[in-house]
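**Q** Sharing a model prediction with you, sequence too.
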Amino acid sequence: MNNHELVLVLDFGGQYNQLIARRVREAKVYCEVLPHDADLATIINKNPKGIIFTGGPSIAYEDDAPSVDHKIFELGIPVLGICYGAQLTAHLLGGKLEAAANREYGKKELEVALDHPLFSKISQQTTCWMSHTYHVTSLPENYKIIAKTNHCPVAAFANDQEKIYGFQFHPEVVHTPEGTKMLQNFLYEICECKGDWVMSNFVENSIKKLRNQIGDKKVLCALSGGVDSSVAAMLVHKAIGHQLTCIFVDNGLLRKNEGDMVEKVFTEQFDLNLIRVNAQDLFLKKLEGITDPETKRKNIGETFIRVFEAEAEKLDGIELLVQGTIYPDVIESGSAHAAVIKSHHNVGGLPEDMKFTSVIEPLRDLFKDEVREVGREIGLPSHVVDRQPFPGPGLAIRIIGDITKEKLAILREADWIYRAEIKKAGLQKKIWQYFAVLTGIKTVGVMGDERTYNYTIGLRGVTSLDGMTADWARIPYPTLETISTRIVNEVKNINRIVYDITSKPPSTIEWE
Ligand code: XMP
């Protein structure tokens with residue numbers, strides 16, 4: 001994508017780092033995240049219009065603290081340090097840091113110097129989000145303070161000659177309401193960006209690029225119906241039409257009508273070469289009697305691979321494979337992973353020994369929101385593009401205990417009602433992910449004059465940014481009431497509904 005103007009985000013390990021990059025992209029400037037120790041030649045090669053240092057958990061003056069090549073400040077490229085990035089900048093250039101008496105955490109009133117371009121069109125008193133223990137107590141020579149809070153005398157600093165800046169607060173989070181504007185000021189007022197990162201350009205360029213890359217070769221794609229694989233497949237289809245074949249493995253663990261919907265959209269609406277493999281019975285067999293969540297995931301992942309392989313073998317002359325890798329996957333695979341809480345078997349996880357000359361990843365540079373925008377741009381319907389996250393192992397990890405056809409049918413109906421009512425209440429865009437769970441619990445109830453002994457459905461609904469952390473969604477009681485009444489009345493074998501009111505952590509979003 002180096003035909004675009006570009007800003008680099010150097011990653012120091014803070015929790016909001018991807019968010020900074022997303023904000024820059026939202027401001028229509030293409031940016032890439034690199035590890036903080038990327039070498040200077042790589043940085044210069046990318047020809048960035050600006051560089052942003054992220055926050056991070058370290059203490060800048062300690063020996064093993066993550067740092068940068070000092071020469072980065074001499075390139076004449078504007079630099080904005082955020083939180084740790086600001087402290088590091090001040091420290092490396094001769095300023096002083098100290099531990100604050102108290103950790104400054106939360107929303108703070110920020111008083112800004114209005115005549116500075118970084119704060120152009122910002123209120124003089126504005127709110128910012130602080131989260132730090134160390135702060136700058138003395139600035140390097142020729143630096144000035146451009147914003148302060150009650151507890152933080154150097155909340156923002158600048159050296160306008162060198163174009164080097166620091167924010168002690170986090171402009172990228174929503175708790176800094178004018179933060180997006182401040183980042184835009186950095187990009188447009190300081191770095192003099194023009195804003196050429198728009199998805200219509202992306203679509204046009206990537207179709208051209210794909211045509212060049214693929215030529216007259218044949219291409220295969222595993223289509224799951226999820227946002228990433230759908231958009232990736234459609235983009236490639238737009239570029240090369242019937243040279244692309246998609247394999248859609250129906251594992252029988254999808255939600256109500258989903259398999260048919262996928263088939264319909266891609267074959268009827270877009271005339272994509274789609275092979276639907278109805279492997280429902282095979283998957284059920286491989287899951288028979290299995291209750292352990294990780295074993296379920298493993299068996300589903302393996303079965304998927306075997307089915308996909310068998311289908312691919314029937315096709316002749318395929319050389320390339322499309323994968324729906326997106327930018328967060330690229331960034332995350334470059335960093336050490338935390339402990340495996342749940343192994344995620346995605347459709348993308350194909351065996352390494354499959355015989356393809358190479359892999360095409362048309363969405364490798366995009367964040368999820370951008371993938372959705374591209375999907376809209378190329379005409380995919382909203383029910384595909386705005387689809388909520390759905391785990392690869394599907395309903396299998398939403399049935400606690402062993403999986404049977406009957407349980408799948410019960411869960412599908414309950415989930416269908418839940419989703420319909422959320423939509424009816426106009427909440428579907430406010431809740432990040434919502435679904436029903438068939439708990440393994442049977443309890444006593446009474447219906448008419450009869451005692452019942454039936455299953456309990458758990459309803460899960462969460463708000464989240466990226467699924468890493470989540471809060472339970474405050475669904476209004478009347479909506480919950482309708483959902484509960486409808487499920488119990490309309491779905492056989494259910495006599496109790498519970499709503500999950502735990503956040504992540506300590507829970508996870510899925511129950512298994
Ligand atoms: P958890 O349950 O780990 O879920 O809080 C976080 C997000 O990941 C999804 N998820 C999965 N996605 N394969 C997937 O492709 C999986 O095995 C899997 N497990 C959880 C989950 O739906 C949520 O969006």
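**A** All right, it came through fine. Quick caveat, the model's predicted, so the values are computed rather than measured. Numbering: from 1, shown residues only.
**Q** residue of the stretch 101-250 of the chain with the smallest distance to the ligand?
**A** Nearest residue of the stretch 101-250 of the chain to the ligand: residue 226, at 7.9 Å (C-beta to the nearest ligand atom). Heads up, the C-betas are built off the backbone N, CA and C, glycines and all.
**Q** what's near enough to touch that residue?
**A** 324, 347, 387, 389-390 (C-beta atoms under 8 Å, 6 or more residues apart in numbering).
**Q** For the closest residue in space to residue 432 that isn't next to it in sequence, report the pLDDT, please.
**A** Counting by C-beta to C-beta, 6 or more residues apart in numbering, residue 432 lies nearest to residue 464, which is 4.4 Å off, once chain neighbours are set aside. Looking at residue 464, its pLDDT stands at 93.
**Q** which strand of this structure spans the most residues?
**A** The longest strand of the chain (DSSP state E) is strand 96-112.
**Q** Can you point out the buried residues in that one?
**A** Within strand 96-112, the residues scored as buried using 16 or more other C-beta atoms under 10 Å are 97, 104, 108, 110, 112.
**Q** circling back to that earlier point, can you give me the neighbour number for the residue nearest to residue 432?
**A** By the measure other C-beta atoms under 10 Å, the count of residues near residue 464 is 17.
**Q** What residues are bridge-paired with it?
**A** residue 470 (DSSP bridges).
**Q** That one contacts residue 470, correct?
**A** Yes - Residue 464 lies in contact with residue 470 (C-beta atoms under 8 Å); the separation is 3.8 Å.
**Q** what sits in contact with each of these two?
**A** Counting by C-beta under 8 Å, 6+ apart, the contacts common to residue 464 and residue 470 are 432-433, 504, 509.
**Q** tell me how far the ends of stretch 252-271 are from each other?
**A** Terminal residues of stretch 252-271 lie 24 Å apart, using C-alpha to C-alpha, to the nearest Å.
**Q** which is the next helix or strand following the helix or strand bottoming out on mean pLDDT in the chain?
**A** Here the helix or strand of the chain ranked lowest by mean pLDDT, DSSP states H and E is helix 327-333, holding a mean of 82. The helix or strand immediately downstream of helix 327-333 is strand 358-360, counting by DSSP states H and E.
**Q** In terms of secondary structure, what does that following strand contact?
**A** Contact analysis of strand 358-360 by 3 or more C-beta pairs under 8 Å, 6 or more residues apart in numbering; DSSP states H and E lists helix 199-214, strand 318-322 as its packing neighbours.
**Q** Could you report the distance from the residue nearest to residue 432 to the ligand?
**A** Distance from residue 464 to the ligand, counting by C-beta to the nearest ligand atom, to the nearest Å: 8 Å.
**Q** Check which strands are paired with the helix or strand that the longest strand of the chain is followed by and give the direction for each one.
**A** Using DSSP H and E, the next helix or strand after strand 96-112 towards the C-terminus is strand 125-138. Using DSSP bridges, strand 125-138 pairs in its sheet with strand 96-112 (antiparallel).
**Q** Show me what the strand it pairs with is in contact with.
**A** 59-61, 87, 90-91, 119, 122-138, 146-152, 155-156, 169, 175.
**Q** Stretch 426-437 too?
**A** Counting by C-beta under 8 Å, 6+ apart, 386, 388-389, 398-400, 411, 414-415, 418-419, 422, 457-465, 467, 470, 473, 475, 479, 487, 500, 509, 511 sit against stretch 426-437.
**Q** go again using 6 Å as the cut-off
**A** With contacts defined as C-beta atoms under 6 Å, 6 or more residues apart in numbering, stretch 426-437 is touched by 388-389, 398, 414-415, 418, 422, 457-464, 473, 511.
**Q** hang on, isn't the residue nearest to residue 432 packed against residue 471?
**A** No - applying C-beta atoms under 6 Å as the test, residue 464 and residue 471 come out as separate, 7.2 Å apart.
**Q** mind listing the strands for the stretch 301-450 of the chain?
**A** For the stretch 301-450 of the chain, strands defined by DSSP state E, counting those that start in this stretch occupy the ranges 318-322, 358-360, 433-447, 450-464.
**Q** where does the spatially most distant residue from the centre of the chain land on pLDDT?
**A** Centroid-distance maximum for the chain: residue 449 at 49.5 Å, with C-alpha atoms, centre = their mean. You'll see residue 449 listed with a pLDDT of 90.
**Q** Need phi/psi at it.
**A** Residue 449 has phi and psi values of phi -110, psi 10 when expressed as degrees, to the nearest 10.
**Q** That one and residue 496, how far apart?
**A** In this view, residue 449 and residue 496 are 18 Å apart by C-beta to C-beta, to the nearest Å.
**Q** One more: residue 393?
**A** Distance, residue 393 to residue 496, by C-beta to C-beta: 25 Å.
**Q** Looking at these two, which is more packed in?
**A** Comparing residue 393 with residue 496 by neighbour count (other C-beta under 10 Å), the higher total belongs to residue 393, at 27 against 19.
**Q** which SSE is the closest residue in space to that one that isn't next to it in sequence in?
**A** Once flanking residues are discounted, residue 393 sits nearest to residue 300: 4.6 Å by C-beta to C-beta, 6+ apart. Using DSSP H and E, residue 300 maps to helix 293-313.
**Q** Which positions within that helix qualify as buried?
**A** Applying a neighbour-count criterion of 16+ other C-beta under 10 Å, one finds 293, 296-301, 303-305, 307-308, 311-312 buried in helix 293-313.
**Q** which residues in the stretch 1-150 of the chain form helices?
**A** Along the stretch 1-150 of the chain, counting by DSSP state H, counting those that start in this stretch, helices occupy 17-26, 40-45, 84-92.
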